[in-house]
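> requesting a structural model of the entry that follows:
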Amino acid sequence: MIDTTPSVALVLVVVALVTVGVYLMLERSLTRVLLGVISLGNGINLMFLVAGGRAGVAPIVGLGEPEDMSDPLPQFMVLTAIVITMGVTAFGLAMAYRSWQLNRHDEVQDDVEDRRVARRAAADQAAFRDEDAEVTTTLDEDAAQAHDETGGERP
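Take a look at the predicted model:
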């Protein structure tokens, strides 16, 4: 009988990586969100490898007995996930760099349109009515009143 019990240390590492990843993804800084995506991706990849069973002989026909071979499916899935995580990381880095170029910070700010939707929801108004015709402020006035959490000046 083959022992497929996972290592407790690896399970704890998976839990820690996923927990840290989720926590960082809930932040407003794009850099922290990016670190959270990387941590979450590594945790999930490690979980796939732990769930794939014990290490064994390379899954190549002729090198060993079939019961001694590793399952190749989790390895293929992890390789694919690594490529996808690398692509998401590159895209997130590009967004964070562009945000830094434009605003000198990488904080995600509240959108003016989000404020409008929240105002309509708070007033319990129907979504099909055209509230833009009744609003007395312009988008520029709404943007000037938007809260800047970073304390930086607006360009």
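> can you pull out the helices in the chain?
Along the chain, counting by DSSP state H, helices occupy 8-25, 30-51, 72-103, 112-122, 139-145.
> among those, which gets the worst mean confidence?
For the helices of the chain, the weakest mean pLDDT is recorded on helix 139-145, namely a mean of 70.
> show me how far that one is from its chain's centre.
In terms of Cα atoms, centre = their mean, to the nearest Å, the centre of helix 139-145 is set 30 Å apart from its chain centre.
> just the residues contacting it, thanks.
V112, R115, R116 (Cβ atoms under 8 Å, 6 or more residues apart in numbering). C-beta coordinates here come from the backbone N, C-alpha and C atoms, glycine included.
> please convert the residues you listed to CSV, extending it with distance to A94 and neighbour count.
Converted to CSV, these look like this (distance: Cβ to Cβ, whole Å; neighbours: other Cβ atoms under 10 Å):
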residue, distance to A94, neighbour count
V112, 24, 15
R115, 27, 15
R116, 29, 16
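> return the most buried member of the helices of the chain.
With neighbours defined as mean count of other Cβ atoms under 10 Å, these peak in mean count at helix 30-51, which reaches a mean of 18.
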